[in-house]
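> Just a sequence and a predicted model for now, questions to come.
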Amino acid sequence: MSSTASSSSSTPSSTSYQSQEPPPRQELWWDRLPSLKIVRPPKGSFSPQVDERCFTFCSQSISGRIHGQDPWCRSICFRRVFKHEVERVLAHHRTQTLKHVPGKKPVLEVREEVETAPVKHPLPPEGQRSSGWLAMLLGDRFGHGGGNGTGSGDDHDHEHEQEQAHTHTQRETKYWQEGWYLWWSNSRWAVQEKLDLMRRDLEGQSEWQRLKDRRNEEWARGVPPALEEQGQQGEGQHHDVHPFEDLGNAPPFPDVASQSLLLPLPVPPTSLPSLYTALEESIRPALAPAGRVLALVAANPHRELFERVWEKAKTDEPRKLLVVAWGRVMENFFGGEDGGEGRGEGSRGKGKDEKR
């Protein structure tokens with residue numbers, strides 16, 4: 001009785017185990033042939049596509065190493081912001097419509113509608129004041145008119161209005177948008193921070209910037225960062241402490257954005273309104289002599305002279321003149337030396353005859 005019960009109890013388990021496994025598939029001969037596999041990587045936040053590349057070059061000298069100076073660094077990064085980083089999906093609708101065409105089979109049309117809302121992540125400080133960085137690069141000539149103080153009162157008022165409009169434009173907060181961005185810096189601290197921020201998305205980078213601003217404000221008010229952390233977050237959360245806090249009287253996060261630049265690609269002319277004017281004013285004195293020469297050439301007498309010279313250059317007269325000139329040079333060079341030797345010998349011989 002026991003053996004019968006055990007066999008009957010084991011039968012359902014084996015049956016259920018066999019039902020869970022798929023039946024073995026018979027191997028076909030074309031399975032052994034090499035084949036191509038089409039793999040579609042995921043899109044959106046799970047995509048393995050590269051969105052940023054950085055190229056950094058640093059060097060150090062012997063004296064700089066001895067005196068503990070910062071290395072000489074240059075870094076450039078190309079960042080691509082995708083659509084899913086600056087938009088949030090609110091709803092996704094999918095509708096199917098059966099379209100009837102006379103004389104043909106009905107066609108099923110599938111339409112997908114996605115409702116999105118923009119997500120505003122502010123640019124870092126180097127992207128907010130790019131025009132100010134260019135002003136420093138161009139010697140405080142960016143965003144100003146002539147700067148010589150010789151204009152009239154109306155011109156001065158006009159320049160003042162342009163200056164105020166430019167300042168108002170600079171105070172407007174700029175946000176990340178879909179597209180390419182160029183980041184450049186000559187600070188090794190900014191390079192290290194950039195490498196750390198490559199681990200975070202745009203929202204994480206914004207949180208990090210807010211943390212830095214809050215720490216600097218607390219430092220300006222004289223609030224110890226350790227007490228602030230203990231009062232708000234507790235003693236166990238100090239992983240965001242930055243090595244800048246060990247610089248003594250300096251703020252926890254010094255302003256390294258002044259040595260960096262962030263620009264969208266291609267650079268829109270509206271973001272750099274006075275750059276072209278400043279470059280034109282800088283290049284105009286150097287091009288003034290060339291402009292005068294072109295003006296003289298364009299005048300009628302000089303143009304006629306150049307036309308005659310050009311017509312003469314097309315004939316064989318320059319070649320004949322060159323042959324004659326070369327012959328005269330060779331004749332004077334070799335013939336003059338022989339004549340000099342003959343005159344010298346004659347004079348020396350005459351002197352000997354007189355002595356005799």
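Yes, it's here. Here the structure is a predicted model, which is why all the values come from computation and not from measurement.

> residue contacts, H92?
E112, E113, V114, E115 (CB atoms under 8 Å, 6 or more residues apart in numbering). Yep, even glycine has a C-beta here, placed from its N, CA and C like the rest.

> how about a cut-off of 6 Å?
Counting by CB atoms under 6 Å, 6 or more residues apart in numbering, H92 makes contact with V114.

> Please apply the same query to V89.
Taking CB under 6 Å, 6+ apart as the test, what V89 contacts is T116.

> so where does L108 fall, helix or strand?
strand 107-118 (DSSP states H and E).

> Give me the local confidence score for the closest residue to K174 other than its chain neighbours.
Nearest-residue entry for K174: L123, 4.7 Å, with adjacent residues in sequence omitted and distances by CB to CB, 6 or more residues apart in numbering. Here the pLDDT value assigned to L123 is 92.

> what do you get for E280?
pLDDT at E280 comes out at 67.

> swap in D51?
90.

> pretty sure it is touching V81, no?
No. In this structure, D51 is not within contact of V81 by CB atoms under 6 Å, at 7.5 Å.

> In terms of neighbours, single out the busier of the two.
Comparing D51 with V81 by other CB atoms under 10 Å, the one with more neighbours is V81, at 18 against 13.

> Please enumerate the strands of the stretch 201-350 of the chain.
Assigned by DSSP state E, counting those that start in this stretch, the strands in the stretch 201-350 of the chain fall at 260-265.

> how about the helices in it?
In the stretch 201-350 of the chain, the helices defined using DSSP state H, counting those that start in this stretch lie at 202-221, 225-232, 275-298, 300-314, 317-355.

> Just the C-alpha atoms of stretch 73-92, please, in CSV.
Provided in CSV are the C-alpha atoms of stretch 73-92 (Å, rounded to 0.1, in the frame of the first residue of the first chain):
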residue,chain,number,x,y,z
CYS,A,73,45.1,72.1,-18.1
ARG,A,74,42.8,72.5,-21.1
SER,A,75,39.6,70.5,-21.5
ILE,A,76,36.9,70.5,-24.2
CYS,A,77,33.7,68.5,-24.1
PHE,A,78,30.9,68.0,-26.6
ARG,A,79,27.5,67.3,-25.0
ARG,A,80,24.4,66.1,-26.8
VAL,A,81,21.1,66.7,-24.9
PHE,A,82,18.3,64.3,-26.0
LYS,A,83,14.7,65.0,-26.1
HIS,A,84,13.8,62.7,-23.2
GLU,A,85,16.1,64.8,-20.9
VAL,A,86,14.2,68.1,-21.4
GLU,A,87,10.7,66.7,-21.8
ARG,A,88,8.4,64.7,-19.6
VAL,A,89,5.7,62.4,-21.0
LEU,A,90,2.3,63.2,-19.6
ALA,A,91,0.1,60.8,-21.6
HIS,A,92,0.3,58.4,-24.5
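
> List the buried residues of it.
C73, S75, C77, R79, V81, H84, E85, V86 (16 or more other CB atoms under 10 Å).

> List phi and psi for the last one.
V86 adopts backbone torsions of phi -120, psi 10, taken as degrees, to the nearest 10.

> What distance do you get for it to E178?
Between V86 and E178 the distance, using CB to CB, to the nearest Å, works out to 6 Å.

> Quick check: neighbours shared by these two?
What both V86 and E178 touch, as defined by CB under 6 Å, 6+ apart, is an empty set.

> circling back: in terms of distance to K99, which of the buried residues of stretch 73-92 ranks first?
H84 (31.5 Å; CB to CB).

> Am I right that the closest one is in contact with G44?
Yes. Between H84 and G44 there is a contact under CB under 6 Å: 4.8 Å.

> and of the buried residues of stretch 73-92, the nearest to G335?
Out of the buried residues of stretch 73-92, the member with the shortest distance to G335 (by CB to CB) is C73, at 69.4 Å.
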